[in-house]
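> below are the sequence and a predicted model for it; my questions follow.
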Amino acid sequence: MLARAVRDDVQVAVRVGLLVVDRRRDDPGLDRQDRRDGLDGAANLAANQSNQPVEMLEADAPVQVVDYGFAKNSGGPGRHRGGMAVRRTYRILAPRGVLTLRSDRRTHLPYGLAGGACGTPSYTVLYRHGAPLLLPVLPLDKVDVEAGDLIVHVQPSGGGHGDPLDRAPAAVLQDVLDDRCDADYAAAIYGVRIRDGRIEEEATRVLRASMRGAPDVPPRRHLDFFDVTSVTKPIHGE
């Protein structure tokens, strides 16, 4: 109801994930989305914490940021896509340490508006000697860590706004070229056929027409393309 009443200032849902070792918070899907895509990796507006440069973090704490970027095929589908999920991998360098974690939106996903789909969930995985351990969204106690441990933290993405089939094909193509999503995702979720870096106009028209007429399309089918095993695995090895 509020979204309908305040149409010039609507936001789809997202909940931050907080990794205390970094002392920072991000809001990857926070933005007004009735006119444009959600912001990717934006600083949280409700807290005096920002996106610290990796160099500052590594100079201040005994950790190494192994990888840092967007999670592919995230961002809730819509005419305006939700902000992309941010993922990071930390390597613990100190002999011992303590991790405290607060995250959310694993079961209750960030919702979309006006026909937009939900965002992708949050995950935090601790790797010790190559063995993964999925951590709760909000552990009731500290997590002891040791040198060599890897912590992969994937934040939730923002929900989308508007019907995904109304998204401009050029915007979908740009997401594919930017490696935000792959061509199979573009076809299955947005109805845009892309081949060799170009939009197949006629194939896109036919596909979108068939998708609009398809009954009972699963509203969360885009989550099938969000590979949890891949997105929570360290990119540069263990």
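Now that the structure is in, tell me what you want to look at.

> what's the weakest-modelled helix or strand in this protein?
For the chain, the helix or strand with the lowest mean confidence is strand 18-19, at a mean of 36 (criterion: mean pLDDT, DSSP states H and E).

> what's near enough to touch Gly75?
Residues in contact with Gly75, defined by C-beta atoms under 8 Å, 6 or more residues apart in numbering, are 29, 37-38, 40, 81-85, 119-120, 157-158, 160, 180-181. Placement of C-beta: from N, CA and C, glycine included.

> which residue packs closest to Asn73, ignoring adjacent ones?
Phe225 (4.4 Å; C-beta to C-beta, 6 or more residues apart in numbering).

> give the contact list for the one you found.
For Phe225, the residues meeting the contact criterion (C-beta under 8 Å, 6+ apart) are Asn73, Cys181, Asp182, Asp184, Tyr185, Ala188, Ile189.

> ok, now Thr120?
Applying C-beta under 8 Å, 6+ apart to Thr120 gives the contacts Ala71, Asn73, Ser74, Gly75, Gly76, Ala85, Leu109, Pro156, Ser157, Leu223, Phe226.

> ramachandran angles for the first one?
Okay, so that is Ala71. Torsion angles at Ala71 (phi, psi; degrees, to the nearest 10) stand at phi -80, psi 120.

> next one: it, what pLDDT does it get?
The pLDDT attached to Ala71 in the predicted structure is 91.

> beta partners of the closest residue in space to Gly69 that isn't next to it in sequence?
With C-beta to C-beta, 6+ apart as the measure, Arg87 is the residue that lies nearest to Gly69, at 6.5 Å, once sequence neighbours are left out. Bridge pairing for Arg87 (DSSP bridges) gives the partners Gly69, Val154.

> try the one 4 residues further on
Residues in a beta bridge with Arg91, per DSSP bridges, are Gln64, Leu150.

> follow-up on the earlier one: closest to Ile151 out of the contacts of Gly75?
Distance to Ile151, by C-beta to C-beta, is smallest for Ala85 among the contacts of Gly75, at 16.0 Å.

> show me what contacts the closest one?
For Ala85, the contact set (C-beta under 8 Å, 6+ apart) comprises 28, 70-71, 74-75, 119-120, 122, 154-157, 231.

> now those in a markdown table, with distance to Glu146?
Formatted as a markdown table, the contacts of Ala85 follow (distance: C-beta to C-beta, whole Å):
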| residue | distance to Glu146 |
| --- | --- |
| Pro28 | 29 |
| Phe70 | 29 |
| Ala71 | 27 |
| Ser74 | 30 |
| Gly75 | 35 |
| Gly119 | 33 |
| Thr120 | 30 |
| Ser122 | 24 |
| Val154 | 22 |
| Gln155 | 25 |
| Pro156 | 28 |
| Ser157 | 31 |
| Val231 | 24 |
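
> of those, which is the nearest to Arg198?
Taking C-beta to C-beta as the measure, Arg198 lies nearest Gly75 of those, at 22.2 Å.

> check what pLDDT the closest one gets.
Here the pLDDT value assigned to Gly75 is 89.

> quick one: it from Gly162, how far?
Gly75 sits 13 Å away from Gly162 when distances are taken as C-beta to C-beta, to the nearest Å.

> double-check that Asp37 belongs to a strand.
No: the assignment for Asp37 is coil, going by DSSP: H, G, I helix; E, B strand; the rest coil, so no strand is present there.
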